[in-house]
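> Dropping the sequence and predicted coords here.
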Amino acid sequence: MSATVIGNKSIKELLDKYTFAQSFLEQNNLVIDGKEHLTMKEYLASFTVEEAEDMALDPHTILMGFEEYIQQMLSFLGEDKSDVESLTINAGKDKTGKQESFGSFTIKTGEIIAIVGPTGSGKSRLLGDIEWVAQRDTPTSREILINGEKPDFKWRFSTSDKLVAQLSQNMNFVMDLTVAEFLDLHAESRMVENKKDIIEKIITCANDLAGEKFERELPITSLSGGQSRALMISDTAILSKSPIILIDEIENAGIDRKKALSFLLSQDKIVLMATHDPMLALLGDKRIVIKNGGIHKIIETTKEERSMLKEIEAVDQKVQNLRASLRQGEILKPESFN
Amino acid sequence: MNLVTVSGPPSSGKTAVILKTIESYQKQEISVGVIKFDCLYTDDDIVYEKAGIKVRKGLSGGLCPDHYFVSNIEEAFAWGQKENFDVLISESAGLCNRCSPYIKDIKAICVIDNLSGINTPRKIGPMLKSADIVVITKGDIVSQAEREVFASRVSMVNPKAIVMHVNGLTGQGSFELGTLLYDKKLDTDNLKGKELRFSMPSALCSYCLGEKRIGADYQMGNVRKINLEK
């Protein structure tokens, strides 16, 4: 549908046909009350020159934008759940120009890959390459394939369809909303149909991951670190369409990290995890070692490492228990560590 | 030479984004200069110089900063040509959220940050709505959900724009932005006769001319009264 066609349709018709058109008008501060019978063009022409100038309104731009918006929303709604099943990284070079030695590396949904290496070693660049579906056109000259094929460039520019969702230690909630209001807002922007069920599901899952449960009426800014992390993970896993999730360290406090990871995997995500925590790193199937801006090597978690995992988990569990005891106001004794 | 106009609310991260983007150009031997417009004070010129980037600044002082921009961009452009830049980037803060220094056929970038609140996109006028590329910053400190909601709000007021996330600290996304900025084919010889994308607000009242006293007796010219009736 062209901008002219939209201009000639009555506002009522547009709103009936495209429920999402309401938010477009709202966000552009166009008040419709009682003018539904006008065509979009008539409506825009009903402003005097002064009014239009006051609102900094350009009818032509609005019409063109409206058309674009409707097209985008229709194609967004028409898409099924992301069909990304695998991600392939073809080697490029590091900062010094040296060829990366791994050749080609494919990650499938349901896999966890740890990323290790000092700060500034090139983790951001690797992530950047993936987000930008690099085609040998970034500083590393890497190539990214999706499902083994050259990817659609929509991944670069689409606002609603990003390849990578990110969760990091530094992230906070900043909106002044309750948990329920916040999820409602997010669900609305994702255009989900069964909003109520989804919101319930997110809260239940988050509470399942969090050390301490929280109420839906709590302001999101007052959640504890662990609760925030749990809500972010649950919300990202369920509402975000991005098939790849990058986790940048999850602190070992107030959240069951192992459960969180298996939850993400159950949602058919590819999980990349930048971490130096042995428990998390060994949970990964493989780990990418970054050095000098390049992928230095890719290590498969060995059997021996896996067998150490049990011990590490036991130590981790002990620390968790001590934490819980402290929270309960108990006095710690040497025995509490056994 | 390419001209790129970068605009955005104060403290949204314009300078950081520009610096990181230019960094990605240095390897490709694309030479870039910056002209920084501000109102009362800026030391961003020192920041640019430190990074080895040629820069000039203009302070509008007692004038409307966007009017000052339009009256001086031609000269700034000529400076850039004399310096043989491939790209000249103009940076200016949108101070009343209405204006934009964008020029037809000249690439326009709006930088806006995730912390500014989800209602901000609808509060900003042509500066956001008529930009070609909207860069969203500070995504590393808010949740994924808030990033998604914010981006979708931006997209709603400017569906045609490319919306990108750039991290001004790590530079993540700046290389990608850089690939969209410079295009040899978009070289311009001069700005004479080019038009602004949107008119600036009309205002010429006694206060524009230096009046300080309050009261109807002192108000002349283009004055409008607030409506306090419900």
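Perfect, I can see it now.

> before we move on, which element is B:Ser7 in?
Secondary structure from DSSP states H and E places B:Ser7 in strand B:2-8.

> Direction included, what does that strand pair against?
strand B:87-93 (parallel), strand B:107-113 (parallel) (DSSP bridges).

> neighbouring contacts of it?
With contacts defined as C-beta atoms under 8 Å, 6 or more residues apart in numbering or on different chains, strand B:2-8 is touched by B:14, B:17-18, B:77, B:80, B:86-94, B:100-103, B:106-112, B:127, B:131, B:135, B:181-184, B:186-188, B:191. For every residue, glycine as well, the C-beta is placed using N, CA and C.

> now the strands: where do they sit in the stretch 151-300 of chain A?
In the stretch 151-300 of chain A, the segments counted as strands under DSSP state E, counting those that start in this stretch are A:164-168, A:244-248, A:270-274, A:286-291, A:294-300.

> Please work out how many residues are found near A:Asp316.
Neighbours of A:Asp316 under the rule other C-beta atoms under 10 Å in any protein chain shown: 18.

> That one against A:Met279, yeah?
Yes. Using C-beta atoms under 8 Å, A:Asp316 is in contact with A:Met279, at 5.4 Å.

> one step back: just put the strands paired with strand B:2-8 in a markdown table and tack on distance to B:Leu228 and mean pLDDT.
What follows is these, written out as a markdown table (distance: least, C-beta to C-beta, whole Å; pLDDT from 0 to 100):
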| stretch | distance to B:Leu228 | mean pLDDT |
| --- | --- | --- |
| strand B:87-93 | 31 | 93 |
| strand B:107-113 | 32 | 96 |
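
> Output those in CSV; the columns should cover distance to B:Tyr25.
Shown next, in CSV, are these (distance: least, C-beta to C-beta, whole Å):
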stretch, distance to B:Tyr25
strand B:87-93, 8
strand B:107-113, 15
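
> will you turn those strands into CSV that also has mean neighbour count?
Listed next are the strands paired with strand B:2-8 as CSV, based on neighbours: other C-beta atoms under 10 Å in any protein chain shown:
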stretch, mean neighbour count
strand B:87-93, 25
strand B:107-113, 26
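
> What sits closest to A:Trp132 if chain neighbours are left out?
Counting by C-beta to C-beta, 6 or more residues apart in numbering or on different chains, the nearest residue to A:Trp132 once its immediate chain neighbours are dropped is B:Glu176, at 4.9 Å.

> what packs against the lengthiest helix in chain B?
Secondary structure of chain B read by DSSP state H shows that its longest helix is helix B:65-82. Contact here means 3 or more C-beta pairs under 8 Å, 6 or more residues apart in numbering or on different chains; DSSP states H and E; on that basis helix B:65-82 packs against strand B:32-38, strand B:54-59, strand B:87-93.

> for the strands of the stretch 151-300 of chain A, which one sits closest to chain B?
Proximity to chain B (C-beta to the nearest C-beta) singles out strand A:164-168 among the strands of the stretch 151-300 of chain A, at 4.9 Å.

> how far off strand A:270-274 does the closest one point, in degrees?
Strand A:164-168 runs at 40 degrees relative to strand A:270-274, counting by axes from the mean of the first three to the mean of the last three C-alpha atoms, to 10 degrees.

> Quick check: neighbours of strand A:164-168 in the sheet, parallel or antiparallel?
Using DSSP bridges, strand A:164-168 pairs in its sheet with strand A:244-248 (parallel).

> got the buried residues for the strand it pairs with?
A:Ile244, A:Ile245, A:Leu246, A:Ile247, A:Asp248 (16 or more other C-beta atoms under 10 Å in any protein chain shown).

> tell me the average confidence for it?
The average pLDDT within strand A:244-248 is 89.

> gap between it and the chain center?
A distance of 8 Å separates the centroid of the chain from that of strand A:244-248, by C-alpha atoms, centre = their mean, to the nearest Å.

> if we can go back for a sec, quick check: mean pLDDT across the strand holding B:Ser7?
95.

> Ok, stretch B:198-212 next?
Mean predicted confidence for stretch B:198-212 is 78.

> Stretch A:44-58 too?
86.

> Please apply the same query to stretch A:277-295.
What stretch A:277-295 shows for mean pLDDT is 91.

> Any idea how far apart the tips of it sit?
19 Å (C-alpha to C-alpha, to the nearest Å).

> ok, back up a step: could you give the angle of the longest helix of chain B to strand B:32-38?
160 degrees.

> contact partners of helix B:65-82?
Applying C-beta under 8 Å, 6+ apart, the contact partners of helix B:65-82 are B:1, B:3, B:33, B:35, B:37-39, B:56, B:58, B:60, B:88, B:90, B:92-95, B:99-101, B:103, B:188, B:190-192, B:196, B:200.

> let's see 6 Å
Residues outside helix B:65-82 that contact it (C-beta atoms under 6 Å, 6 or more residues apart in numbering or on different chains): B:1, B:33, B:35, B:37, B:39, B:58, B:60, B:88, B:92, B:95, B:99, B:101, B:191, B:200.

> And stretch A:256-265, by the same measure?
By C-beta under 6 Å, 6+ apart, stretch A:256-265 touches A:Gly110, A:Leu209, A:Ile233, A:Ala237, A:Ile245, A:Ile250, A:Val271.

> In helices, which of those appear?
Those of the contacts of stretch A:256-265 lying in helices (DSSP H): A:Leu209, A:Ile233, A:Ala237.

> could you redo these as CSV and give each row distance to chain B?
Converted to CSV, the ones in helices among the contacts of stretch A:256-265 look like this (distance: C-beta to the nearest C-beta, whole Å):
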residue, distance to chain B
A:Leu209, 15
A:Ile233, 9
A:Ala237, 10
